[in-house]
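>>> Build the 3D model from these lines:
(one chain, ligands or ions: 1)
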Amino acid sequence: MDVIEAIEKRISIRKFTDAAVPLNIIDRILSAGIQAPNAFNSEPWEFILVKEGPVKDELISMRRKIPPQKTALETAAFVIVVCYNNEMGNEALSSAYACVENMLLAATSFGLGAVPLTFHGKKIRELLELPEGFEIASVIPFGYPAESPEKPLRKPVTEKLHIGKF
Ligand SMILES: Cc1cc2nc3c(=O)[nH]c(=O)nc-3n(C[C@H](O)[C@H](O)[C@H](O)COP(=O)(O)O)c2cc1C
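Got it, this is the predicted structure:
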């Protein structure tokens, strides 16, 4: 699948089959992530791979009142938490999100689905033993899609494009 096809096919998936994902695919998704452009090539990202176990159970529990997110976490073959070193603030977060998008596109190209979830606060920091100076960009459940939602529509580019000035 070429990159334009992956961009056009990618949608957020929040329910996965119970098929296992080979380790080499997880490795290639992470490897795609670290190719992302990043401020000063500072590579601010750090990844936490979460598979079955108490950390995953606690993530599920934290989203027990938001059914689509709970299902995404419950059914995920694996979860990747993308963290970043916050020394450079916004530039580090932007870099981490470039990395997230590369991972989402790589996952799409391997036939996987994913959804980037937002988690903030003390509880998740403690759960993941996140060191001081690091923040969470995204918590991403991955797996083979067990749903095929309609692709959410976007407004046409012409409604968003300004020529020369806003
Ligand atoms: C920064 C960011 C945060 C997001 N946080 C959540 C979230 O907490 N829960 C969720 O279900 N989806 C989350 N999403 C996914 C968006 O809801 C989704 O991308 C958007 O609705 C467009 O749908 P699409 O990804 O299928 O194109 C997030 C996406 C981004 C980029």
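>>> And the helices in this structure?
3-9, 23-33, 54-62, 67-75, 90-109, 122-128 (DSSP state H).
>>> Those residues of the chain touching the ligand, which are they?
Counting by Cβ under 6 Å from any ligand atom, the residues of the chain lying close to the ligand are 11, 12, 68, 69, 115, 116, 117, 118, 152. Heads up, the C-betas are built off the backbone N, CA and C, glycines and all.
>>> got a list of contacts for stretch 114-124?
12-14, 59, 62-63, 69, 72-73, 100, 103-104, 107, 130, 136, 138-143 (Cβ atoms under 8 Å, 6 or more residues apart in numbering).
>>> In that stretch, which residues are buried?
Of the residues in stretch 114-124, 114, 115, 116, 117, 119, 124 count as buried by neighbour count, 16 or more other Cβ atoms under 10 Å.
>>> roughly how far out does it sit from the chain middle?
Average the C-alpha atoms of stretch 114-124, do the same for its chain, and the two points are 10 Å apart (Cα atoms, centre = their mean, to the nearest Å).
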